[in-house]
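A.B. asks: Build me a model:
(one chain, ligands or ions: 1)
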Amino acid sequence: MSSISDETIRIYNTFTKKEEELQLGKEVRMYVCGITAYDYSHIGHARSAVVFDTFRRFLEYTGRKVIYVQNFTDVDDKIIRRAVSEGRTQKEVAEEFIQKYLEDMERLNVRRADFHPKVTENIEEIIQAVKKIIEKGYAYEVEGENGRDVYFHVPSFPEYGRLSGMSIEELDRHRIEPDPRKKDVKDFALWKSAKDEDLKAEAVFDSPWGPGRPGWHIECSVLATKHLGAPFDIHGGGKDLIFPHHENERAQSYALFEVEPVKYWMHNDFVTIKGEKMSKSLGNIVKIRDVLEKYDGEVIRYFLLSAHYRSPLDFRDDALERAKKSYESLRNALENLDMEVAAIKTFGIEGERRDFPDFEEKFRDAMRDDFNTPKALAVIHEMAGRINQIVSEGASLETFEMLFSIYRRICSVMGFFESYRRIPALQEYRELIEEREMARRERDFDRADEIRDRLREERIILIDTPRGTRWKVIGGS
Ligand SMILES: [Zn+2]
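C.D. replies: This next block holds a predicted model:
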């Protein structure tokens with residue numbers, strides 16, 4: 001018997017520059033670069049988090065177990081700068097913004113990773129990795145301010161540049177600060193000796209090279225392989241990380257394990273703000289927190305999934321408003337369906353069995369096609385339209401329950417309706433609701449309103465539809 005997990009999933013691999021059929025086992029090992037915790041996270045961070053959270057949910061939906069790792073960079077130049085200017089320690093600043101990030105993610109229904117390793121909790125592992133890279137001849141030490149620096153020697157890894165697809169000349173141009181201590185302009189730091197600012201922010205660790213701290217890139221090589229081994233299946237991140245971060249990560253991991261460390265590299269495109277790149281200098285950084293003031297987390301999720309992950313996505317008010325309307329129409333279909341089920345269970349009157357297309361298969365086909373979430377959303381809308389139609393025409397309880405479970409299942413892959421609570425059948429109020437319908441027919445509106453008010457006290461809101469009275473429960477979802 002063929003199962004969902006046998007269906008092929010095609011994904012664009014940044015490394016091979018083409019779409020590939022994923023070769024995955026029952027267990028998928030996945031790493032996504034996390035934030036550098038020096039400020040509130042912005043809508044670009046939200047996009048990467050939501051895209052990969054949704055991909056993780058989809059893989060789980062196909063019957064696979066996903067081991068998901070996302071790091072926190074909790075020691076870095078920007079964190080230290082902020083700490084020094086505010087008279088705090090690096091740890092205080094990082095912990096604050098890690099906490100804020102996790103709060104934002106919870107409101108976006110982004111599930112926690114299985115592991116959220118931090119750099120400062122893995123210093124010993126990082127030191128061992130740097131030592132090993134030196135021993136293997138891929139890195140060298142030079143004198144620094146309060147100890148020694150360690151650099152990865154890029155020409156020792158001839159494959160360097162293959163992930164980003166850059167030529168040596170292009171790569172050379174990217175290095176703007178020549179350092180006479182470096183053997184090659186492309187060489188990058190694995191370990192940085194302590195500077196005065198680092199000491200002030202208490203961002204200094206003992207090492208064989210004296211007091212200092214890790215360079216940025218080495219953490220991801222160490223933290224990914226610590227939890228996932230080498231090679232692992234999927235490495236995700238925003239496309240701004242391809243160079244230099246992921247190019248360097250690949251070089252380091254290759255030096256450590258002498259295997260191609262990652263099977264599939266996936267990168268999502270940027271969020272632009274009214275057509276412009278988001279940047280500090282333009283002052284147009286949109287914090288997740290500020291968007292959450294105006295829109296529900298699931299509406300923001302809808303917006304972020306409304307473009308293909310490899311296309312740019314433009315953030316503007318009208319686009320958010322559109323996302324809100326679309327999302328609400330999907331939610332209304334769920335509620336209509338659920339109200340109908342509750343009414344059938346209460347009154348015991350149902351219609352015929354109805355057929356409908358295999359929306360779930362269509363949904364999967366969209367998701368298997370390079371994770372085409374806009375196409376998948378279109379399928380969900382098509383299903384919502386059919387649900388509303390069948391609700392207005394009537395059907396059997398079995399038909400409605402089947403529609404409900406399929407719809408709920410595919411929506412939950414997108415991270416929608418997480419907190420939805422089902423509308424209960426109201427057998428104990430059946431007579432009262434029937435009495436009210438009778439009163440309305442006889443134009444006894446006082447009696448009808450009296451019953452409506454009484455049920456309202458029980459937090460039940462009555463809704464009159466062409467097919468009879470339905471209800472919602474306040475605080476029920
Ligand atoms: Zn990383």
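
A.B. asks: CA atoms for contacts and neighbours, from now on please.
C.D. replies: OK.

A.B. asks: And for the nearest residue to Ala203 once chain neighbours are set aside, the neighbour number?
C.D. replies: The shortest distance from Ala203 to any non-neighbouring residue, by C-alpha to C-alpha, 6 or more residues apart in numbering, is to Gln90 (5.9 Å). Around Gln90 there are 28 other residues, counting by other C-alpha atoms under 10 Å.

A.B. asks: got a list of what Gln90 touches?
C.D. replies: By C-alpha atoms under 8 Å, 6 or more residues apart in numbering, Gln90 lies in contact with Asp74, Val75, Ile79, Ile80, Ala83, Ala201, Glu202, Ala203.

A.B. asks: which among those residues gets closest to Arg301?
C.D. replies: Nearest to Arg301 out of the contacts of Gln90 is Asp74 (C-alpha to C-alpha; 26.3 Å).

A.B. asks: Next one: the closest one from Trp209, what distance?
C.D. replies: Distance, Asp74 to Trp209, by C-alpha to C-alpha, to the nearest Å: 21 Å.

A.B. asks: And the residue of the stretch 101-250 of the chain that's closest to the ion?
C.D. replies: Cys220 (4.7 Å; C-alpha to the ion).

A.B. asks: that older thread, could you dump the contacts of Gln90 to CSV with pLDDT?
C.D. replies: Compiled in CSV, the contacts of Gln90 are given as follows (pLDDT from 0 to 100):
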residue, pLDDT
Asp74, 97
Val75, 97
Ile79, 97
Ile80, 97
Ala83, 97
Ala201, 95
Glu202, 95
Ala203, 96
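
A.B. asks: between those, which is nearest Val299?
C.D. replies: Closest to Val299, out of all of those and judged by C-alpha to C-alpha, is Asp74, at 29.9 Å.

A.B. asks: Please list the residues of this structure that sit near the ion.
C.D. replies: By C-alpha under 5 Å from the ion, the residues of the chain that approach the ion are Cys33, Cys220.

A.B. asks: repeat that for 8 Å
C.D. replies: Applying C-alpha under 8 Å from the ion, one finds that the chain approaches the ion through 32-34, 71, 217, 219-221, 237, 241, 245-246, 249.

A.B. asks: Mind checking which of those land in helices?
C.D. replies: The helices, defined by DSSP state H, take in Glu219, Cys220, Ser221, Glu249 from these.

A.B. asks: Just give me the closest of the residues you listed to Asp453.
C.D. replies: Nearest to Asp453 among these, with distances taken as C-alpha to C-alpha, is Cys220, at 59.7 Å.

A.B. asks: hang on, isn't that closest one packed against Ile35?
C.D. replies: No - with contact defined as C-alpha atoms under 8 Å, Cys220 does not reach Ile35; the gap is 11.7 Å.

A.B. asks: tell me which element Asp314 is part of?
C.D. replies: Using DSSP states H and E, Asp314 sits in strand 313-315.

A.B. asks: Can you tell me the strand partners of that strand and which way each runs?
C.D. replies: Applying DSSP bridges, strand 313-315 is found paired with strand 271-273 (parallel).

A.B. asks: Identify all contacting residues around the very next helix or strand once past the strand it pairs with.
C.D. replies: Using DSSP H and E, the helix or strand that follows strand 271-273 in sequence is strand 276-277. For strand 276-277, contacts defined as C-alpha under 8 Å, 6+ apart pick out Val271.

A.B. asks: Turn the residues of the chain next to the ion into TSV, columns for pLDDT and neighbour count.
C.D. replies: What follows is the residues of the chain next to the ion, written out as TSV (pLDDT from 0 to 100; neighbours: other C-alpha atoms under 10 Å):
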residue	pLDDT	neighbour count
Val32	98	24
Cys33	98	21
Gly34	97	23
Asn71	98	21
His217	97	21
Glu219	98	25
Cys220	98	28
Ser221	98	22
Gly237	98	23
Leu241	97	15
His245	97	15
His246	98	23
Glu249	98	21
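
A.B. asks: which of the residues in the lowest-mean-pLDDT helix or strand in the chain are buried?
C.D. replies: The helix or strand of the chain with the lowest confidence, counting by mean pLDDT, DSSP states H and E, is helix 168-174 at a mean of 80. The neighbour-count check on helix 168-174 (16 or more other C-alpha atoms under 10 Å) flags Leu171 as buried.
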